[in-house]
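>>> Pasted the sequence and its predicted model underneath.
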Amino acid sequence: METRDIIDIQQLIAFCHHAVDHDDQSLFPLVFTQDAHFDGRLCGGPLCEGMEAIQAFFALGKPPHPPSHHVTNVVVYEEGDKVRVKMKWLCPDPGTGGVVTGDNLDWVVRTPDGWRIKERVASLRYPSGFSNEPQ
């Protein structure tokens, strides 16, 4: 992977959260492949297979989705023949005034139109499973 690929992939990941927060799902083709999978089951959400299913899930609006999505700690790496992205996310929780956090693990692919997310697995980090007790 070239440095330019890593920059483009990090831009894709940042833009994804802007697309999710956009008024409609018109930006999703700039983020996901047509056959993408979005697995939100570890966050209490669905498994969405294909662009239409992903768009329909996010078309539910706010709520049930958080008012904004934020991303941090983006790491791009190769795993076998796949390009993976691991990142942390956080969203405000309008119900409690607190913050919900989690992780995304993506598989990204280069398409004729640039890098796109082929698979995203979202998992909840906090508040579920959070503990102040030493491990």
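That came in fine, so what should we check first? Numbers count the residues shown, from 1 in each chain.
>>> Ile9 touches Val109, doesn't it?
No. Contact between Ile9 and Val109 fails when scored by C-beta atoms under 8 Å: they sit 10.3 Å apart. Backbone N, C-alpha and C define where each C-beta goes, glycine included.
>>> More neighbours: which of these two?
Neighbour count, other C-beta atoms under 10 Å: between Ile9 and Val109, Ile9 has more, with 23 against 13.
>>> Tell me if I am right that the more buried one is in a strand.
No. Under DSSP: H, G, I helix; E, B strand; the rest coil, Ile9 falls outside any strand and is assigned helix.
>>> so what sits against both of Ile9 and Val109?
Residues touching both Ile9 and Val109 (C-beta atoms under 8 Å, 6 or more residues apart in numbering) are Val83, Trp115.
>>> Now Ala53: which helix or strand?
helix 51-58 (DSSP states H and E).
>>> What helices and strands are in contact with that helix?
strand 32-42, strand 47-49 (3 or more C-beta pairs under 8 Å, 6 or more residues apart in numbering; DSSP states H and E).
>>> In JSON lines: those, plus distance to Gln55, mean neighbour count and mean pLDDT.
Shown next, in JSON lines, are the helices and strands packed on helix 51-58 (distance: least, C-beta to C-beta, whole Å; neighbours: other C-beta atoms under 10 Å; pLDDT from 0 to 100):
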{"stretch": "strand 32-42", "distance to Gln55": "9", "mean neighbour count": "18", "mean pLDDT": "97"}
{"stretch": "strand 47-49", "distance to Gln55": "9", "mean neighbour count": "15", "mean pLDDT": "98"}
